[in-house]
Structure formats: C-alpha cells, structure tokens
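**Student:** build the 3D model from these lines:
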Amino acid sequence: MFGLRPRESARPGAEPAGGNANRIVSVRFVPRAHHIGFPDIVHGGALAMVLDEAMVWAASWSGKRFCLCGEMSIRFRAAAEIEKPLTCSARVDASRARLITTSAEALEDSGRLIASASGKYVPLSAEQNRAFIQNFIDEPSTAAAADALRHGIIDLGSKTRPPHFPLSWYSGLR
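**Tutor:** A predicted model of the protein is given here:
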C-alpha cells in the first residue's frame, strides 16, 4: 500500500530529547512509467512532489494544524529509476508558531541517497484549518486521516495520530 506513515524514530546521530523520539513521516514511492522525465529516469518534479508531501505532513502534525509550503529546496544526488522503490522520509528540524522548518530525503532500498530537501511551512489559521478539514477528501484510502482530523486530533493537540496517510488523492502516484 502506498501512503505516508508517521513513525517514531530518533534522528541519526542525535539522542531523543527527554526520551521522546523525533517524529518522522515516511512514504514508500515506486515510480512508474508516467513519472518519466528522461528515458528510464524519474522526473525531478514528481520526486519533489513526494518529498514536499512528506514534509508538509511532518510540519502539520508537529504544528497541530495543516500547513502551506512557503519555500522548498531540493538537491538531486543521483537519478531515480523507474520501478525502483524509494523511501522518502521527512522530519521537523525547528518549529515556531508561524514557521516550521523541515528536511527530507529519498533513499533507495540499498541506502543510496537519491535526493535531499528542505522546506519552510506556514501553518494555516484556525479558521482555514477547520475549512480544510471539512473539505478533506472522503474516500476509503484517506478515511483514517479524515476521521482523525474531523475529531480534532490535530486542532486539539493530541499526541494520537492515525497509523496511515495515503497519497491516493494524487491519482498519478497510484
């Protein structure tokens, strides 16, 4: 199944503060032929979209509110190949009331780094967040996330998170 899953993990080389692990959002992405930019090579924009989506979910869970991307930078280290699975993981590096900074990476199963990214995300206002939640796509693959959001898990600041966040609303990623 293709989707974003928050998981608890320590940042490499850092001890979790106060015994709490840092939140990392990860997604398994298997590029298909329609993601081609050059023969057998994934278009950088498709990979950037997946990294952005992972970072926005990390920022949104951290800030307890959905966020918009204000700035994103990506560095491509190697060509991503069609049909070669990637794990894209994102984390929050710093969080303030009006700005959340994140970083992400795309790795092959071998551990080879394909791309790294950083982003700055701006949390929606409480009113915008409520409107977004009301318009959240209601389909089986997004049911867990929609249910959690409608019950105020993000807005109320609960530590509870749904186990799975699909990207199925991006039909090109299926």
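
**Student:** how much space between the residue lying closest to Asn129 once chain neighbours are set aside and Pro123?
**Tutor:** Among residues not flanking Asn129 along the chain, Arg65 sits closest, at 4.7 Å (Cβ to Cβ, 6 or more residues apart in numbering). All C-beta atoms are positioned from the backbone trio N, CA, C, and that covers glycine. The gap separating Arg65 from Pro123 is 4 Å, by Cβ to Cβ, to the nearest Å.

**Student:** and for the two, which residues touch both?
**Tutor:** Contact criterion Cβ atoms under 8 Å, 6 or more residues apart in numbering; residues bridging Arg65 and Pro123 by contacting each: Asn129.

**Student:** could I get the host helix or strand of Ala48 in CSV with only the CA atoms?
**Tutor:** When elements are defined using DSSP states H and E, Ala48 is found to belong to helix 44-63. The C-alpha trace of helix 44-63 is given here as CSV (Å, rounded to 0.1, in the frame of the first residue of the first chain):
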residue,chain,number,x,y,z
GLY,A,44,12.5,15.6,-10.7
GLY,A,45,9.2,17.3,-10.2
ALA,A,46,7.5,14.0,-9.4
LEU,A,47,10.1,13.3,-6.8
ALA,A,48,9.9,16.8,-5.4
MET,A,49,6.1,16.5,-5.0
VAL,A,50,6.5,13.3,-2.9
LEU,A,51,9.2,15.0,-0.7
ASP,A,52,7.0,18.1,-0.3
GLU,A,53,4.0,15.9,0.7
ALA,A,54,6.1,14.1,3.3
MET,A,55,7.4,17.4,4.7
VAL,A,56,4.0,19.1,4.8
TRP,A,57,2.6,16.1,6.8
ALA,A,58,5.6,16.2,9.2
ALA,A,59,5.0,20.0,9.7
SER,A,60,1.3,19.6,10.0
TRP,A,61,1.5,17.0,12.8
SER,A,62,4.1,19.0,14.6
GLY,A,63,2.2,22.3,14.4
